[in-house]
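**Q** heads up, no residue letters with this:
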């Protein structure tokens with residue numbers, strides 16, 4: 001080991017900075033721009049979005065299998081106002097029939113939805129008051145849309161003497 005007294009320090013130069021004391025850190029480079037250009041990523045995202053929008057195929061005719069009723073109870077037809085709903089052709093609303101029949105004479109055939117609801121409400125009110133029926137039973141075919149059943153149910157519930165509303169699926173061969 002060498003004697004510390006024998007070590008000699010370099011003399012300061014004319015700049016006034018002692019080289020022995022100068023830091024050993026390399027000179028700092030100018031900072032680079034740290035922001036990332038995300039324009040290509042946005043372009044890819046929009047291309048993927050357009051691809052999925054154009055290739056998506058909605059299955060409008062999909063049927064949803066419903067589980068069978070476990071706790072259903074029978075409704076007496078003697079104490080119920082019955083309405084039957086069948087699917088109609090095209091964009092027209094479903095065909096509504098008064099009673100437990102699909103006879104064209106019992107059809108509620110109006111082109112206006114408001115008139116259809118008024119006629120269904122009047123029929124339910126008349127049956128409930130004259131025959132003392134307290135239930136409404138709506139029998140709808142399996143291919144009838146929910147909006148048509150809901151429209152008839154809403155119209156049937158206008159009657160004040162109705163206690164319960166029941167909906168059943170009509171099995172047509």
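**A** Sure thing, it's come through. Fair warning: this is a prediction, and the values are worked out from it, not measured in the lab.
**Q** and residue 122, which helix or strand is it part of?
**A** Secondary-structure assignment from DSSP states H and E places residue 122 in helix 113-130.
**Q** so what touches stretch 111-129?
**A** 81, 83, 92-93, 96, 98, 108, 110, 133-134, 136, 151-152, 154-156, 158-162 (C-beta atoms under 8 Å, 6 or more residues apart in numbering). C-betas here are computed from N, CA, C, even on glycine.
**Q** take those and, keeping just the buried ones, write it as a ChimeraX select command.
**A** To isolate the buried ones among the contacts of stretch 111-129 in ChimeraX, judged by 16 or more other C-beta atoms under 10 Å, type:
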select :81,83,93,96,98,108,133,136,151,152,155,156,159,162
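**Q** so which of the contacts of stretch 111-129 are in strands?
**A** Among these, the residues falling in strands (DSSP state E) are 81, 83, 96, 98, 108, 136.
**Q** ok, which pair from those residues is furthest apart?
**A** Distances among the ones in strands among the contacts of stretch 111-129 were taken as C-beta to C-beta; the most separated pair is 108 and 136, at 14.3 Å.
**Q** picking that back up, and the ones in strands among the contacts of stretch 111-129, which is closest to residue 54?
**A** The shortest separation between residue 54 and any of the ones in strands among the contacts of stretch 111-129 is 39.8 Å, and it belongs to residue 96 (by C-beta to C-beta).
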